[in-house]
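> how does the following fold in three dimensions:
(2 chains)
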Number of protein chains: 2
Amino acid sequence: MSEMIRNAAGRMVPTHVNGEPVVPFQGVGKYQPQGRKAGPPIPTAADFPADGDKRVATLKEALVRAGLRDGMTVSTHHHFRDGDLVANQVFDAAAELGVRDLRWFPSAAFPCHRPILEHMKRGVVRWIEGSLNGPLGDYASKGQMNGVAVLRSHGGRWQAIQDGEVHVDIAVIAAPTADAFGNATGDRGPSACGSLNFALADSQYADKVIVVTDNLVPFPCTPWQIQGNNVDAVVVMDQVGVPAKIISGTTQITKSPDRLLIAELTARFIRATSLYRPGFSMQAGAGGTALATAIYLKEYMREDGVTAAFMRGGSTKYLVEMLEEGLIGAILDGQTFDLEGVRSMRENPRHVATSPFTSYNYHGKGNFASIVDFVVLGATEVDVDFNANVVTHSDGRMLHGIGGWQNCLTAKVTILPIPSMRDRIPVLVDEVTTLVGPGELIDVIVTERGVAINPRRQDLIDQATAAGMPVRSIQEIKAEVEALCGGKPAKPRLTDEVIGVVKWVDGTVIDTIYRVDTDK
Amino acid sequence: MSEMIRNAAGRMVPTHVNGEPVVPFQGVGKYQPQGRKAGPPIPTAADFPADGDKRVATLKEALVRAGLRDGMTVSTHHHFRDGDLVANQVFDAAAELGVRDLRWFPSAAFPCHRPILEHMKRGVVRWIEGSLNGPLGDYASKGQMNGVAVLRSHGGRWQAIQDGEVHVDIAVIAAPTADAFGNATGDRGPSACGSLNFALADSQYADKVIVVTDNLVPFPCTPWQIQGNNVDAVVVMDQVGVPAKIISGTTQITKSPDRLLIAELTARFIRATSLYRPGFSMQAGAGGTALATAIYLKEYMREDGVTAAFMRGGSTKYLVEMLEEGLIGAILDGQTFDLEGVRSMRENPRHVATSPFTSYNYHGKGNFASIVDFVVLGATEVDVDFNANVVTHSDGRMLHGIGGWQNCLTAKVTILPIPSMRDRIPVLVDEVTTLVGPGELIDVIVTERGVAINPRRQDLIDQATAAGMPVRSIQEIKAEVEALCGGKPAKPRLTDEVIGVVKWVDGTVIDTIYRVDTDK
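From the prediction side, this is the model:
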């Protein structure tokens, strides 16, 4: 077991994770990286077919040709979300080949990947390094994974690959459309999912890259979100994703009166700030409250004659409508959440597929996230210092990935619209169970009981107060909620066994996740 | 002076160039690269302005901030061709700063860069590594450059940067349109030039990247041919290129009866082959004969109802017309040669900007060039073994860059339509002055006196003969030309002083260029 030390956020973190030394969090913007970006092996065209046809009959054969062997790291992407049909097949093939101790490095895992738990139990997969949602997170929370979960943001995953922290031996990229050379796109085909850019780093840095598609088109497949020049082999199969499940089920506008109130308050708050002006920019997620916020804001923008230069985010039909109506100049799309988003990306040059490199990578020469004026995000817990948690529940179980959440915190105004309680458990706490986002980057908490603004942002307090917003201190709202719920939430029952760490956007370790004590 | 050894093509080449060891040519497809691709230093967003505004007042200040100092390598691109206004300013600024011994690493140099000769004489620039056209080539041919010229193809330049053979300290990228974050595109703006992709490797691998523009637009500049996440600083100046000179002056269809005959024979030859079929592909340059070939072929395609899957090349209005008429499925554009090409790239998603990485890089997992059915290229000399020269004239002077010429030789059918003599000097010779392309890759020589087909390609000989083409042996045509010209051409008068080397597409040295003896 690793030694533990206290990091700059005051959290105890291990000095080693899965046998490798790690750097403790040193404060926002404080860690200075050294060295050069990783480089994949230099290939030669002499080793590839001159006619560009890289097709291999089966995924298993492609894995054999890629040199799959014990202990390797194999990556996949999550653009098919809960409809992915490829990742499980990768490990089924590995099992058939008798390969063991693999590290699975997905950009995110979903409930559909539950069969990989069986491969973990049998030793085919040693551990999963990536966002662990649902059953996989629950499994790891109970300490059943042979290895520590390393939770990274989308930008942090790019940074880890780029910086050589995580070396991907074989990347398997499921593509809705591809040619035999390996050029691939997600914006068309029967399994269209929009962008493929969560697999972009994998395609650029992995030793071997396999593209799997169910829609082979003649060369050239354009656009080439994934460039065939980085691809070793192409496998054609019947179906790579279940269309009905590819599109996120979360893109429903909330109907809860409390959440609609929170959304309205959020939109009113944005309207009350000086940054709300022609040419402003915003990122909102595809959760119900964020979507409702966008709908309210859209009305204000129409009324005020204010158009946005761009909006970022998971794209939905709501954003597409705003683009087509001329309310926003461009969509910078990190992930496509519905079919209207896919269509718009395919047809509209102002609907641009972005990647974690352009949007989020903290080890770049800047990134888009910090240019954004307003970002609207969620949280499972927020504490009185505005620190926030998105990965564990109040009972300590690790159930959510970070996504782009940490990366977005560098926006000029970071707003968390959240209910003050969930299932009568207060969401505002003395100290977050897991620190995922430092309070110094979180500006505003919007609840159904009022708007709490970080004391560091007197400018925002002044603007919101002047506009007649219900501005209250976070302590005041918290006390009110505790009175209603019968006190503070129960502390999660945790052991001292480390089952996961949370990386900050710069690759340092910001917090530790402990095994839930299921015996008590 | 370096030791000389005989390479696999039988040519004497130095073992060291400019103090660095080099690998002699080992045969087509024989050299196996080792190691990993180069990586630039890992940056951090903490060192860049959060609002994404990277503007710096002057180019000189940007160079100072980039740490310009003696002995560094500074790169520029040639998309503005003879209308470039930026490269000279880079070295003027360096001179003002008292910096010396720089290596200039352009993607190509043009006559407009003549002032850099003065900087070489004064020691600001030590040597130029890149295609040396016109006066710069002449200067080097006379042995006046403090360093050996290293001639690379466009794909070879990418390979050299990617493989770490050439480390670029500072890349200066002149952009027709950019935002303050450094996202840049060439397809719009008063100095629009189409693609910026000859600067793509520089943007990805250089330690520091400066974007210079005369058309600053609000973030986000889309498309981002150059990604701001790789850019350190943005400089705005009045004008980056002279629009009238940006567009190549070479895109005139030939009016010479001999060349029109050659073009017609070339088109007829293509039509006579089995590869000419629906979905075929072709690359033709923007020279007068190549353009005329495309015009003839267009008529055949209309007559035959044959459409092409794609065409590659420097794009011109002729290619754009074919795209818009539906005769070709896509233009894969390496360089944009006229305003119609620029417009089409901006407006038509089937007119795709490619890069030397996608098209040409031999140290990739294949590249587009070898997928192409027919490529139509030029040459200054061809010998009886079908070896060809494009960099030196028959008098030995180094006057031309390689461009994409070497990279294109891997097409399924490589055709050189060339006059059998120029200024009454035979173009067909016993042995090329400088070996740039090995004869085993060159299939067909089309002259006004007949079509010579490489004996290795009996398939093409059969197809052309069956179609009634005037197929003749290269020796026969050569003898006829020598009889007309009064014998073989005079041997160039060369010293044994090495003034340049020609790299093959894999980074090995295929031939040597010697100083012309100006005393005799």
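> is A:Asn454 in contact with A:Gly437, as I believe?
No - in terms of CB atoms under 8 Å, A:Asn454 does not count as a neighbour of A:Gly437; the distance is 12.0 Å. Quick note: C-beta positions are derived from backbone N, CA and C, even for glycine.
> the more surrounded of these two?
Here A:Asn454 and A:Gly437 are set side by side on neighbour count (other CB atoms under 10 Å in any protein chain shown), and the busier one is A:Gly437, at 29 against 19.
> and that one, how close does it get to chain B?
In this structure, A:Gly437 lies at 16 Å from chain B, with CB to the nearest CB, to the nearest Å as the measure.
> need the per-residue pLDDT for that residue.
Note on A:Gly437: pLDDT of 98.
> what values do phi and psi take at the closest residue to it other than its chain neighbours?
With CB to CB, 6 or more residues apart in numbering or on different chains as the criterion, A:Gly437 has its nearest non-adjacent residue at 4.5 Å, and that residue is A:Ala388. In this entry, A:Ala388 is assigned phi and psi values of phi -130, psi 160 (degrees, to the nearest 10).
> wait, doesn't A:Ala388 sit right on A:Ala379?
Yes - distance between A:Ala388 and A:Ala379: 4.3 Å, which falls inside the contact criterion (CB under 8 Å).
> of these two, who's got more company?
Just comparing A:Ala388 and A:Ala379: by other CB under 10 Å the higher neighbour count belongs to A:Ala388, 29 against 19.
> ok, that one to A:Lys30 distance?
For A:Ala388, the distance to A:Lys30 equals 20 Å [CB to CB, to the nearest Å].
> if I pick the residue nearest the centre of chain A, what's in contact with it?
The C-alpha lying nearest the average C-alpha coordinate of chain A belongs to A:Gly403 (CA atoms, centre = their mean; 1.5 Å). Neighbouring residues of A:Gly403 by CB atoms under 8 Å, 6 or more residues apart in numbering or on different chains: A:108, A:131, A:153-154, A:390.
> roughly how far apart are it and chain B?
Summarising the geometry, the distance separating A:Gly403 from chain B, computed by CB to the nearest CB, is 18 Å.
> what of A:Ala46?
If you measure A:Ala46 against chain B using CB to the nearest CB, the figure is 4 Å.
> helix/strand/coil for that residue?
At A:Ala46 the chain is in helix, as set by DSSP: H, G, I helix; E, B strand; the rest coil.
> which SS class is the closest residue to A:Ile445 other than its chain neighbours?
Nearest-residue entry for A:Ile445: A:Ala452, 4.3 Å, with adjacent residues in sequence omitted and distances by CB to CB, 6+ apart. With three-state DSSP as the basis, A:Ala452 sits in strand.
> hmm, A:Ala452 is touching A:Val444, no?
Yes - the pair formed by A:Ala452 and A:Val444 meets the contact definition of CB under 8 Å, at 7.2 Å.
> which residues do A:Ala388 and A:Ala379 both contact?
By CB under 8 Å, 6+ apart, the residues touching both A:Ala388 and A:Ala379 are A:416, A:437.
> what's around the closest residue to A:Thr307 other than its chain neighbours, how many residues?
Leaving aside its sequence neighbours, A:Thr307 sits nearest to A:Leu327 (CB to CB, 6+ apart; 5.4 Å). Other residues within reach of A:Leu327 by the criterion other CB under 10 Å amount to 17.
> who's in contact with A:Leu327?
Contact criterion CB under 8 Å, 6+ apart gives A:298, A:301-302, A:307-308 as the residues in contact with A:Leu327.
> circling back: who are the contact partners of the residue nearest to A:Gly437?
A:Ala388 sits next to A:379, A:381-382, A:416, A:432, A:436-437, A:439, A:442 when contact means CB under 8 Å, 6+ apart.
> out of the residues you listed, which is nearest to A:Val505?
If you rank the contacts of A:Ala388 by distance to A:Val505 using CB to CB, A:Gly437 comes first, at 9.8 Å.
> touching, that closest one and A:Leu409? I think so.
Yes - the pair A:Gly437 / A:Leu409 is scored as a contact, 5.2 Å apart, by CB under 8 Å.
> surely A:Tyr276 meets A:Met282?
No - A:Tyr276 sits out of contact with A:Met282 when judged by CB under 8 Å, with a separation of 9.3 Å.
> burial measure for A:Thr336, as a count.
32.
> quick one: it from A:Val172, how far?
Distance from A:Thr336 to A:Val172, by CB to CB: 20 Å.
> same check on A:Pro419?
Taken as CB to CB, the span from A:Pro419 to A:Val172 is 39 Å.
> and if you look at A:Asp101?
In this structure, A:Asp101 and A:Val172 are 18 Å apart, going by CB to CB.
> the two: which has the busier surroundings?
Set side by side, A:Asp101 and A:Val172 show unequal neighbour counts under other CB under 10 Å, the larger going to A:Val172 at 28 against 15.
> what packs against the helix or strand hosting that one?
Element membership for A:Val172, per DSSP states H and E: strand A:170-175. Under the contact definition 3 or more CB pairs under 8 Å, 6 or more residues apart in numbering or on different chains; DSSP states H and E, strand A:170-175 sits against strand A:73-76, helix A:87-96, strand A:184-185, helix A:200-205, strand A:208-213.
> using CSV, list the CA coordinates for that strand.
Written as CSV, here are the backbone C-alpha positions of strand A:170-175 (Å, rounded to 0.1, in the frame of the first residue of the first chain):
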residue,chain,number,x,y,z
ILE,A,170,-3.8,-0.7,-28.7
ALA,A,171,-6.7,1.7,-29.4
VAL,A,172,-9.9,0.2,-30.8
ILE,A,173,-12.0,2.9,-32.4
ALA,A,174,-15.6,2.0,-33.3
ALA,A,175,-16.7,4.3,-36.2
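> what's the span of stretch A:456-473 from first residue to last?
Criterion CA to CA, to the nearest Å; first-to-last residue distance in stretch A:456-473 is 12 Å.
> and that stretch, what's buried?
Taking 16 or more other CB atoms under 10 Å in any protein chain shown as the neighbour-count basis, stretch A:456-473 is seen to contain the buried residues A:457, A:460-461, A:463-464, A:469-472.
> chain B next: which of the residues you listed are close?
Cross-checking those against chain B (CB under 8 Å from any CB of the partner chain) gives no overlapping residues.
> determine which two of these are furthest apart.
Comparing all pairs in the buried residues of stretch A:456-473 by CB to CB, the longest separation belongs to A:Arg457 and A:Pro470, at 16.4 Å.
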